[in-house]
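> Quick one, structure for this:
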Amino acid sequence: MRLLSLFLLLGLATLSFAVRSQWAQQGRATSDALITIRFALTQQNLDVLESTLLDISDTTSKNYGKWKSAEEVTEIVAPAKEVSERVVAFLERQGATKVENFRDMVKVTAPVRWVEETLQTSLFFFQHKTRTSKVIIRADGGYQIPSEIDEHVDFVAGLFEFPSIKNAKTQVDGVDGYVVPYVLFNLYGIPTTFPVHANSSICLVEFQDDQSYSKSDLKKFAKGNDLPEIVVSHTVGPFSGSDPDAESTLDVQYGGAIALNTTVWFWTVEDWMYDFATDFLNTKNPPLVVSMSWGWPEPEQCQVGNCTGDETSLEYVQRTNVEFQKIGAIGVTLLAASGDQGAPGDDDPDCNQKKKPLSSIFPGASPWVLSVGATMLTNNTDDENPADEPPICKTMTCSTSTTEVVCTIPEALITTGGGFSDYSSQPSYQAAAVSAYLKSGVALPPSSDFNATNRGFPDVSAVGHNYLIALSGDFEQVDGTSCSTPVFAAIISLLNSYRLNHGKPTLGFVVPLIYQAFASDPTIFNDITAGDNKCTETCCSKFGYEATKGWDPVTGVGTPVFAKLLAFVQTLP
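Modelled structure (predicted):
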């Protein structure tokens with residue numbers, strides 16, 4: 001068997017100042033070139049939105065599943081109608097050519113000269129240093145919100161993001177057993193003949209100009225795994241299928257394969273989380289489950305987001321979390337990866353203990369997404385492969401193991417992320433599970449290194465090591481929470497199909513349900529008790545968290561037992 005390239009996958013592995021260094025300034029932007037920006041208007045009634053969401057997502061509430069419309073959730077938090085109209089009128093008087101009013105956000109597409117004059121900033125062309133066809137317009141310096149609307153605007157998005165065009169980290173290696181859809185079906189008891197509802201859907205989202213998979217690779221993947229070909233029926237944003245990348249390829253192949261026959265969306269975003277969330281909420285009939293295999297440390301959001309000057313990463317995270325709440329309240333499930341750099345995270349990838357030893361990630365540490373960690377399979381057996389194995393397993397050794405431990409280096413190329421948020425307080429839905437962990441007697445990091453009263457993550461996990469994908473005509477091996485996140489998203493899509501088939505609402509904001517299911521019967525999840533997340537992708541630190549019985553900030557409540565999770569869902573109104 002030939003050796004395969006091993007790809008390390010979690011979006012934004014090369015962001016921060018390294019991203020800015022990928023782009024060369026090419027001089028001032030042409031005055032009539034167009035750019036799109038967003039004015040985030042100051043919101044109100046945030047407590048009402050949060051309490052409403054927690055009520056309708058509580059499986060014990062009489063209001064469970066009574067999801068709202070996008071207009072209803074926006075009406076809760078939007079400023080008075082005359083405020084957005086005043087902002088729109090001002091921008092149009094200034095000469096903006098296209099202004100869209102979304103009540104708590106105003107989206108403007110305008111020439112460079114208008115943006116420079118209105119926001120007192122300077123815009124430049126930037127060309128990517130290796131992919132020279134990539135040219136973007138960005139500010140190189142600060143901006144100023146006009147005094148006439150300043151009191152109504154929190155920040156302006158769309159001026160400072162520098163897309164990360166990733167070169168996936170590779171390593172030549174051989175493994176005991178590869179993970180393919182067949183392995184996951186058997187491991188978690190996922191039926192391949194599940195009755196999928198026509199309205200069930202899954203969306204794979206890529207950020208920072210990561211925008212390509214190949215249709216010919218989808219055919220090869222389907223043939224090798226003896227599955228129907230995955231068809232992407234909805235594409236939003238830029239798409240370039242001639243140069244497929246590992247991240248997009250992995251997401252589409254495994255999200256589509258595990259949620260077999262579910263409607264598949266592929267959504268690309270050149271910018272970051274706030275931009276995506278606001279566009280998503282204002283999309284007619286959006287997809288019902290969203291997988292985001294991307295993340296970056298919470299305190300460094302201003303390096304990838306849209307904030308400068310007086311605005312902070314805290315404000316950016318808080319505002320985007322409100323947008324996530326709105327999405328959950330309309331009956332959509334958001335999932336996000338917990339990270340690939342262990343507990344030290346991208347804040348401390350070199351295990352430099354002089355820096356902050358433990359990190360958090362956004363959106364993986366958001367209370368309003370289902371955060372997904374990664375496990376790996378060990379103790380592969382030498383059992384004879386069964387007759388129903390797919391063609392790929394006849395030429396390559398597929399895993400026969402059912403033993404999961406924490407995904408970590410050096411056995412894997414990544415270590416699953418996990419810990420406690422820097423910014424978000426601990427939600428009520430996980431309080432009992434986190435309290436049990438803190439009182440369990442398991443070794444904890446120094447209390448000064450994490451805030452035990454904040455949101456703990458991840459919530460759940462799935463295998464994230466040794467996946468095979470079809471990429472550019474070959475089969476390649478990949479690792480990451482980028483593997484586990486679309487797989488769990490696909491499982492949620494199947495559960496949605498059950499609900500829809502029985503005339504019930506979708507699972508929507510599913511995180512409280514996960515903890516309620518766990519409290520009712522912990523065996524709904526495979527408890528992962530071996531391993532820790534003290535390592536990053538390159539080194540190991542003395543800082544981190546250990547897996548233990550029950551929920552832990554390494555693998556959450558564990559990996560799914562599909563039949564039991566479905567049985568719990570079947571009891572819900």
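
> Can I get stretch 524-532 in PDB? Just the C-alpha atoms.
Presented in PDB, the C-alpha positions along stretch 524-532 are these (Å, rounded to 0.1, in the frame of the first residue of the first chain):
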ATOM      1  CA  ILE A 524     -26.700   7.900  24.700                       C
ATOM      2  CA  PHE A 525     -23.100   8.900  24.200                       C
ATOM      3  CA  ASN A 526     -19.900   6.900  24.200                       C
ATOM      4  CA  ASP A 527     -18.000   8.300  27.200                       C
ATOM      5  CA  ILE A 528     -14.300   9.000  26.300                       C
ATOM      6  CA  THR A 529     -12.200   8.700  29.400                       C
ATOM      7  CA  ALA A 530      -8.700   8.200  28.000                       C
ATOM      8  CA  GLY A 531      -6.400  11.000  26.900                       C
ATOM      9  CA  ASP A 532      -5.900  14.800  27.400                       C
END
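
> Contacts for that stretch, please.
375, 404-408, 460-461, 517-518, 544-550, 554-555, 557-561, 564-565, 568 (Cβ atoms under 8 Å, 6 or more residues apart in numbering). Just so you know, the C-beta spots here come from the backbone N, C-alpha and C atoms, and that holds for glycine as well.

> you'd agree Glu71 is in a helix?
Yes - according to DSSP: H, G, I helix; E, B strand; the rest coil, Glu71 belongs to a helix.

> For it, the count of nearby residues, please.
Neighbours of Glu71 under the rule other Cβ atoms under 10 Å: 12.

> and what of Ala452?
Ala452: 15 neighbours (other Cβ under 10 Å).

> now do Arg28
Counted with other Cβ under 10 Å, Arg28 comes out at 14.

> Can you list the residue ranges for helices in the stretch 51-200 of the chain?
Applying DSSP state H, counting those that start in this stretch to the stretch 51-200 of the chain gives helices spanning 70-77, 81-93, 112-119, 181-188.

> So which bits of the third one are buried?
If I follow you right, that is helix 112-119. Val112, Trp114, Val115, Glu116, Thr118, Leu119 (16 or more other Cβ atoms under 10 Å).

> just those residues now: which is nearest Lys129?
Using Cβ to Cβ, Val112 comes nearest to Lys129 of the buried residues of helix 112-119, at 22.4 Å.

> Chain neighbours aside, what residue packs nearest to that closest one?
Once flanking residues are discounted, Val112 sits nearest to Ala29: 4.5 Å by Cβ to Cβ, 6 or more residues apart in numbering.

> What helix or strand is Ala470 located in?
Assigning secondary structure by DSSP states H and E places Ala470 in strand 467-471.

> Give me the average confidence score over that strand.
For strand 467-471, mean pLDDT is 95.

> Which residues in the helix or strand that that strand is followed by does the neighbour count mark as buried?
Once the chain leaves strand 467-471, the next helix or strand it forms, by DSSP H and E, is strand 474-479. Within strand 474-479, the residues that count as buried by 16+ other Cβ under 10 Å are Phe475, Glu476, Gln477, Val478, Asp479.

> quick one: strand 474-479 to chain centroid distance?
When C-alpha coordinates are averaged (Cα atoms, centre = their mean, to the nearest Å), strand 474-479 and its chain have centres 21 Å apart.

> Same question for stretch 421-440.
21 Å.

> Low-confidence stretches in the stretch 1-150 of the chain?
Within the stretch 1-150 of the chain, the segments meeting pLDDT under 70 span 1-22, 130-133.

> export the helices of the stretch 51-200 of the chain to CSV and tack on distance to Arg103?
Compiled in CSV, these are given as follows (distance: least, Cβ to Cβ, whole Å):
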stretch, distance to Arg103
helix 70-77, 5
helix 81-93, 5
helix 112-119, 21
helix 181-188, 42
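
> Pro522: which of those is closest?
Going by Cβ to Cβ, the one of the helices of the stretch 51-200 of the chain nearest Pro522 is helix 181-188, 16.1 Å.

> Show me what the closest one is packed against.
When contacts are defined as 3 or more Cβ pairs under 8 Å, 6 or more residues apart in numbering; DSSP states H and E, helix 181-188 packs onto helix 246-258, strand 460-463.

> Of all those, which one comes closest to Gly328?
strand 460-463 (16.2 Å).

> From the chain's centroid, how far away is the closest one?
On Cα atoms, centre = their mean, the centre of strand 460-463 falls 14 Å from that of its chain.

> ok, now which ones touch Thr403?
Thr403 neighbours (Cβ under 8 Å, 6+ apart): Leu377, Thr378, Asn379.

> for it, phi and psi?
The phi/psi pair for Thr403 (degrees, to the nearest 10) reads phi -100, psi 120.

> any idea how far it is from Gly531?
Counting by Cβ to Cβ, to the nearest Å, the separation of Thr403 from Gly531 is 11 Å.

> what does Ala490 give?
24 Å.

> of these two, who's got more company?
Neighbour tally, Ala490 and Gly531, criterion other Cβ under 10 Å: the higher count belongs to Ala490, 28 against 22.

> what about the more buried one, is that helix, strand or coil?
helix.

> mind checking pLDDT for it?
98.

> Check whether it really touches Asn261, as I assumed.
No - Ala490 lies out of contact with Asn261 (Cβ atoms under 8 Å); the separation is 11.0 Å.

> ok, back up a step: I'd like the buried residues of helix 112-119 as CSV, with distance to Phe239 appended.
Converted to CSV, the buried residues of helix 112-119 look like this (distance: Cβ to Cβ, whole Å):
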residue, distance to Phe239
Val112, 25
Trp114, 29
Val115, 26
Glu116, 30
Thr118, 31
Leu119, 30
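
> out of those, who's nearest Ile149?
Closest to Ile149, out of all of the buried residues of helix 112-119 and judged by Cβ to Cβ, is Thr118, at 9.9 Å.

> Am I right that that closest one is in contact with Glu148?
No - counting by Cβ under 8 Å, Thr118 does not reach Glu148; the two are 10.4 Å apart.

> Find the nearest non-adjacent residue to Lys249, please.
No, residue 249 isn't Lys; it's Thr. Closest to Thr249 by Cβ to Cβ, 6+ apart is Tyr213, at 4.6 Å.

> Report the contact partners of the closest residue to Pro486 other than its chain neighbours.
Setting aside the residues directly before and after it, Pro486 is nearest to Gly255 in space (Cβ to Cβ, 6+ apart), at 3.6 Å. Neighbour list for Gly255: Ile202, Leu204, Val264, Ser291, Pro486, Val487, Ala489, Ala490 [criterion: Cβ under 8 Å, 6+ apart].
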